[in-house]
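1. sequence and predicted structure are below.
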Amino acid sequence: MENLPRLKRTPLYAKHLELGAKMVEFGGWEMPVQYAGILEEHQAVRHTAGLFDVCHMGEIQVLGAGAAAFLQRVLTNDVVKMAAGQVIYTLMCYPDGGIVDDMLVYKLDDEKYMLVVNAGNTDKDWNWLREYAHVHAYKEQAEDFILQNISAEVGLLALQGPRAEEILVGIGSVSLKDLRYYRFAVTELAGIKVIISRTGYTGEDGFEIYVGAGNVPAIWDLVMEAGKAQGLVPAGLGARDTLRFEAGLPLYGHELTEKTTPLEAGLEYFVAWEKGDFVGKEALLAQKKEGVPRKLVGLTMLERGIPRAGYPIEKGGVRIGEVTSGSYAPSLEQNLGLAYVLSDEAWLDNEVEVMIRGKALKAKICKKPFYRRTR
Amino acid sequence: MNYPEELSYTREHEWIRVEGKKGIIGITDYAQDSLGDVVFVELPEVGRKLKIGEVFGVVESVKAVSDIYSPCSGVVRAVNEKLLDHPEILNQDPYGEGWLIEVEMEELDSELLSSIEYADFAAGEE
């Protein structure tokens, strides 16, 4: 493998090498793509549990009396109605409705919020937030909030899978049974201050653990040790991708880009029309009124082949769309894809062709998510 | 990594076992390990004529799509159809059960590497 220039490394870099991980570039970071193998790690998360190093994710704090009002303007979802201890998923759009990024918002208290953003977008988000903060401050005559990029100081681990709760409870000190989906607790693990949320990117039950960067290896070891009996394995970005893909969760750079809108991506649920004005609202309302030109759909192959990102989709020789993510789906044992197609063609069971190495292979539009866990 | 001495290797990570006019072709241990879990294999039709260096198949892992190049010219006489339903065999036994195709050879690529040369080459790829 070539030497990649100045990639960032997480506090667990040495640990990954020790565990025999294959390292790859992702969003400017050198990250483990797999340890034992993607399929094995995928199945572990579906059936027992996996631990992911996701320290590459960015964290941005918004502090002050005006924090909520600012976020209400710059994000699509409703921040003002959040309770302390709650997490929401949201998009951040440009005025034209294109997506800057998708992210989680944590409300610590009325004057303290944390945004968790994609690694590869952290700088872009930071710059956009700062730029818009000036506009907002000018418009509203309000300068009662500050932004802090705390990405370098905050580490993040994701413990995912049906046995995740049991494993964390085993470490003690926290009552996680009461922690509902998309809620978090500020607590301690073995005397180390952490934030634990019941969130994830796999389609399974699980938790995300925020901890000071210096304490990341200690928490990793603690959780790995506690999970031994339950079959916990380290899991890499490869499995993270197949898991999120099966669960129909979008990935920035694939399903979401500056050229796609939340409506096209089927994420209108996270656009709070009623909350008042926000960046992108006008453009999105116009698109809603006119109807979206294309939609994100699921694809299942009817002939042998794996759809991959960028492959064209045709119908009767006419191009109607493009694959954004595609893979062999280990939990469904099928070759599946996510794709944008023209809205007129975006109907269930519509037979289309995916162009794979010059051949038109039959596929049909199917329901997504492909995988839903049984609760 | 294991690179049997009786095989010849390409810089694109294929191996060929020459038995008289017959050539059996597969991918190396290094190739299967780099790809990771193989989930899809596309093979040529029996009877297809191959040139040296021609792409005759595709091996896909969860994350990667990899073309397979022919180390010889000739005619495809058999393909390993077992791989179509069980691509994982390629990871488990790349030099045995995981063979890809059998070719009636015309000419062998003159640039092929020995086991020792290939081991050096593969080590340099990492």
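-> Looks like it arrived, so ask away. Numbering: from 1, shown residues only, chains lettered A, B, ... in the order given.
2. can you name the residue of chain B nearest to chain A?
-> Among residues of chain B, the one nearest chain A by CB to the nearest CB turns out to be B:Val39. It sits 3.8 Å away. Heads up, the C-betas are built off the backbone N, CA and C, glycines and all.
3. ok, that residue to A:Asp53 distance?
-> If you measure B:Val39 against A:Asp53 using CB to CB, to the nearest Å, the figure is 24 Å.
4. try B:Thr28
-> In terms of CB to CB, B:Thr28 sits 30 Å off from A:Asp53.
5. again, but for A:Ala84
-> For A:Ala84, the distance to A:Asp53 - CB to CB - is 28 Å.
6. okay, those two: which has more neighbours?
-> Neighbours were tallied for A:Ala84 and for A:Asp53 using other CB atoms under 10 Å in any protein chain shown; the higher tally belongs to A:Asp53 (26 against 12).
7. got the phi and psi for the residue nearest to that one when sequence neighbours are not counted?
-> Ranked by CB to CB, 6 or more residues apart in numbering or on different chains and with sequence neighbours excluded, the top spatial neighbour of A:Asp53 is A:Leu12, at 4.7 Å. A:Leu12 adopts backbone torsions of phi -100, psi 10, taken as degrees, to the nearest 10.
8. and A:Leu12, what does it touch?
-> Neighbouring residues of A:Leu12 by CB atoms under 8 Å, 6 or more residues apart in numbering or on different chains: A:Asp53, A:Cys55, A:Val216, A:Pro217, A:Trp220.
9. which SS class is the fourth one?
-> Read it as A:Pro217. The assignment at A:Pro217 comes out as helix when based on DSSP: H, G, I helix; E, B strand; the rest coil.
10. ok, it touching A:Lys15?
-> Yes. Look at A:Pro217 against A:Lys15 with CB atoms under 8 Å: they come within range, at 6.3 Å.
11. does any bit of the longest helix that chain B contains sit next to chain A?
-> Taking DSSP state H as the criterion, chain B has its longest helix at helix B:115-125. Yes. Judged by CB under 8 Å from any CB of the partner chain, helix B:115-125 and chain A are in contact via B:Glu125.
12. residues of that helix that come out buried?
-> The neighbour-count check on helix B:115-125 (16 or more other CB atoms under 10 Å in any protein chain shown) flags B:Tyr118, B:Ala119, B:Phe121, B:Ala122 as buried.
13. gap between the last one and B:Leu50?
-> With distances defined as CB to CB, the gap from B:Ala122 to B:Leu50 amounts to 24 Å.
14. close to chain B, is stretch A:298-311?
-> Yes. Remark: stretch A:298-311 sits within contact range of chain B at A:Arg304, A:Gly305, A:Ile306, A:Arg308, by CB under 8 Å from any CB.
15. report how many residues lie close to the residue nearest to A:Gly291 when sequence neighbours are not counted.
-> Across the structure, with CB to CB, 6+ apart as the measure, the residue nearest A:Gly291 apart from its sequence neighbours is A:Ser343 (6.4 Å). When neighbours are counted by other CB under 10 Å, A:Ser343 registers 14.
16. OK, contacts around A:Ser343?
-> Contacts of A:Ser343 by CB under 8 Å, 6+ apart are A:Gly291, A:Val292, A:Pro293, A:Arg294, A:Lys295.
17. I figured the fourth one was touching A:Ala265, is that so?
-> No. In terms of CB under 8 Å, A:Arg294 does not count as a neighbour of A:Ala265; the distance is 9.9 Å.
18. quick one: list the elements packing against the host helix or strand of A:Ala239.
-> When elements are assigned from DSSP states H and E, A:Ala239 belongs to helix A:237-246. Applying 3 or more CB pairs under 8 Å, 6 or more residues apart in numbering or on different chains; DSSP states H and E, one finds that helix A:237-246 contacts strand A:29-34, helix A:38-47, strand A:49-53, strand A:318-329, strand A:334-342.
19. any chance you could map the helices in the stretch 151-300 of chain A?
-> A:164-171, A:216-227, A:237-246, A:281-290 (DSSP state H, counting those that start in this stretch).
20. again with the stretch 1-150 of chain A
-> Using DSSP H, counting those that start in this stretch, the helices of the stretch 1-150 of chain A run over residues A:13-18, A:38-47, A:67-74, A:122-140.
21. got the buried residues for the third one?
-> Of the residues in helix A:67-74, those scored as buried under the neighbour-count criterion (16+ other CB under 10 Å) are A:Ala67, A:Ala68, A:Ala69, A:Phe70, A:Leu71, A:Gln72, A:Arg73, A:Val74.
22. which residues outside that helix are in contact with it?
-> With contacts defined as CB under 8 Å, 6+ apart, helix A:67-74 is touched by A:62, A:78-80, A:92, A:105, A:110-113, A:115, A:129, A:132-133, A:136, A:140, A:142, A:145, A:275-279.
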